[in-house]
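1. Got a sequence here, can you model it:
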Amino acid sequence: ELPTGTTFMVQGYYKDYFNLIGTQTETYGPLTVDRYANKAYGRARGFEIDVDHTFENVANTGEFRANMTYDFSFTAGKSSSQDADAQNRLLGVPAYTEEYPLDWDERHRINASTALQFREGKFPQLGSVRVPLDDWLMSVEFQYGSGVPYTPSKYTTGQDANTIPTNSARYPWTETTNLKFEKYFRYGSKPASGGRESRTIFTVGIDISNVWNHKNINSLYSETGNPYQAVHPENPTYNPFDNRVEYDANPRNFGQPRQILLRLGVSWE
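-> Numbering: from 1, shown residues only. Predicted coordinates for the structure are as follows:
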């Protein structure tokens, strides 16, 4: 039996996608071309667990809500884009007939959020101590992802490039925690039920994104498997005297660092 105020939900899904757009090779005399055709296939499987709970009278008068969602998903197919087969042919990569994880296949994802609110005239009570702060809201959001796939290189795997399974390596996991706090200051008489009087509400708040300043990787170089260096030292073109750090370590390869935003607002009720 679930506690009062708790909801629990489990959902599963599966779907097969046929006749997606891909390319097929055709030869006309000495000319080889790639033509679009409805030949690609993909499939998706997974389930989602969602838990939501509301607590009342937290610290005597507060309201607290928590939610967590866990997603497990598996997406596989013959190609991640309509041009993948044509690109592989031009690069000399043999046709890959087996299914493999698609570019957006992230097996595990967790989203969680909490919110604590004390309304006007409601003060936190910690034991026998009454905290003289009412009319405020604080929330925390958490996101975790296990990482999407990419195809590693012969330098990091030790295999021949044409025998490396597509999307057989994974990006590092990602994590983001965001914090928000708002305090409300209300001026004017509280309107009676059905009345037309209004009050001015001033809001002072702070938003902190990526609280732990985690360095999430948006993009990496498949040859080296990291976002800092594009050319592997074993690559014959590698030049140890060529300082490429400032070029290769593109800031766009990383997610946003910690950011702090102070906010002031005004509204009426």
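
2. show me where this protein has helices.
-> 84-90, 154-157, 245-248 (DSSP state H).

3. can you redo those helices as CSV with distance to Phe8 and mean neighbour count?
-> C-beta: built from backbone N, CA, C; applies to glycine. Below are these laid out as CSV (distance: least, C-beta to C-beta, whole Å; neighbours: other C-beta atoms under 10 Å):
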stretch, distance to Phe8, mean neighbour count
helix 84-90, 40, 17
helix 154-157, 42, 16
helix 245-248, 47, 10
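
4. Buried residues of stretch 249-265, list them for me.
-> By 16 or more other C-beta atoms under 10 Å, the buried positions in stretch 249-265 come out as 253-254.

5. Please apply the same query to stretch 121-133.
-> Along stretch 121-133, these residues count as buried under the neighbour rule (16+ other C-beta under 10 Å): 122, 124.

6. helices or strands up against the lowest-mean-pLDDT helix or strand in the chain?
-> One helix or strand of the chain scores below all others by mean pLDDT, DSSP states H and E: helix 84-90, with a mean of 79. On a contact count with 3 or more C-beta pairs under 8 Å, 6 or more residues apart in numbering; DSSP states H and E, helix 84-90 meets strand 6-28, strand 31-58.

7. Export only the CA atoms of it, formatted as CSV.
-> Output in CSV follows, covering the C-alpha atoms of helix 84-90 (Å, rounded to 0.1, in the frame of the first residue of the first chain):
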residue,chain,number,x,y,z
ALA,A,84,24.8,7.1,-43.2
ASP,A,85,25.2,4.3,-45.8
ALA,A,86,26.3,6.7,-48.5
GLN,A,87,28.8,8.3,-46.2
ASN,A,88,30.2,4.9,-45.2
ARG,A,89,30.6,3.9,-48.9
LEU,A,90,32.5,7.1,-49.7
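
8. which residues sit against it?
-> With contact meaning C-beta atoms under 8 Å, 6 or more residues apart in numbering, helix 84-90 is reached by 22-25, 34, 79, 94-96.

9. ok, the residue lying closest to Phe47 once chain neighbours are set aside - contacts?
-> Nearest residue to Phe47 in three dimensions, chain neighbours excluded: Gly12, at 4.1 Å (C-beta to C-beta, 6 or more residues apart in numbering). Counting by C-beta under 8 Å, 6+ apart, Gly12 touches 46-48.

10. what's the answer for Asp50, then?
-> Shown in contact with Asp50 (C-beta under 8 Å, 6+ apart): 7-11, 67-69.

11. Deepest-packed of the helices and strands packed on helix 84-90, please.
-> strand 31-58 (a mean of 14; mean count of other C-beta atoms under 10 Å).

12. still on that earlier bit, nearest to Thr163, of the helices and strands packed on helix 84-90?
-> Proximity to Thr163 (C-beta to C-beta) singles out strand 6-28 among the helices and strands packed on helix 84-90, at 21.1 Å.

13. per-residue confidence for the closest residue to Thr32 other than its chain neighbours?
-> Nearest non-adjacent residue to Thr32, counting by C-beta to C-beta, 6+ apart: Thr25, 6.2 Å away. Looking at Thr25, its pLDDT reads 85.

14. Same question for Asn218.
-> pLDDT, read off for Asn218, is 95.

15. What is the burial count for it?
-> By the criterion of other C-beta atoms under 10 Å, Asn218 has 14 neighbours.

16. Quick check: it touching Asn250?
-> No. Applying C-beta atoms under 8 Å, one finds Asn218 not in contact with Asn250, separated by 9.6 Å.

17. Next one: the closest residue to Gln143 other than its chain neighbours from Gln259, what distance?
-> Here the nearest residue to Gln143 in space, its sequence neighbours aside, is Thr176; by C-beta to C-beta, 6+ apart that works out to 4.7 Å. Distance, Thr176 to Gln259, by C-beta to C-beta, to the nearest Å: 11 Å.

18. Return every residue with contacts to both of these two.
-> Counting by C-beta under 8 Å, 6+ apart, the residues touching both Thr176 and Gln259 are 209-210.

19. nearest to Gly188, of the helices of the chain?
-> Short answer: helix 245-248, nearest of the helices of the chain by C-beta to C-beta, at 56.2 Å.
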